[in-house]
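In: Pasting the sequence and the predicted coordinates here, then a few questions.
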Amino acid sequence: MNIRPIKTEKNYRDAVKRMEHIFYAKRGTAEGDELEILSILIEKYEDSKFKIDFPDPIEAIKFRMEQMGYTQSDLVGCIGYKSRVSEILHKRRKLNLDMIRALSHKLNISTEVLVQQY
């Protein structure tokens, strides 16, 4: 096992290639340990180089509504009147903390996503 930190794109490609080669290694073996360590190093490198930002809060709400087959009327209990739901979805009004909590629970969207600026 010759494992080194992943500092460059070449190191990354080599680590991925090695991981693919030993992908089916059994746990508790030398290759299994190597696979586990490589996966941690690769994940750390990818997290630092290929960061994915949170989506826009309103776009996240609209996406989940579409996935769940919801209409604006379905959010009245979380946000208030239907006109207020429309204002929120058209970004004419900001979400408040109570709305964020209710939407997070109803739509299963992380509060981290909903509290962002938009």
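Out: Cool, got the structure.
In: so what's the residue nearest to the spatial centre of the chain up against?
Out: Among the residues of the chain, the one closest to the centroid is residue 54, at 6.6 Å (CA atoms, centre = their mean). Neighbour list for residue 54: 60, 110, 112-113, 116 [criterion: CB atoms under 8 Å, 6 or more residues apart in numbering]. Bear in mind the C-beta positions are built from the backbone N, C-alpha and C, glycine included.
In: which among these end up buried?
Out: Buried residues within the contacts of residue 54, defined by neighbour count using 16 or more other CB atoms under 10 Å: 60, 113.
In: Now, the contacts of residue 54 that are in helices?
Out: 60, 112-113 (DSSP state H).
In: Closest one of those to residue 45?
Out: Looking at the ones in helices among the contacts of residue 54 and their distance to residue 45, the nearest is residue 112, at 23.1 Å (CB to CB).
In: Can you pull the domain assignment for this structure?
Out: The record's domain parsing of the chain by automatic domain parsing lists 9-49, 57-114.
In: Centre of the chain to the helix or strand harbouring residue 65, how far?
Out: Remark: residue 65 resides in helix 57-68, with elements defined by DSSP states H and E. Put simply, helix 57-68 sits 14 Å off its chain's centre (CA atoms, centre = their mean, to the nearest Å).
In: residues of that helix that come out buried?
Out: Buried residues in helix 57-68 (16+ other CB under 10 Å): 57-58, 60-61, 64-65.
In: re the thing from before, want to throw the domains of the chain into a markdown table with distance to residue 2?
Out: Putting these into a markdown table (distance: least, CB to CB, whole Å) gives the following:
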| stretch | distance to residue 2 |
| --- | --- |
| domain 9-49 | 9 |
| domain 57-114 | 39 |
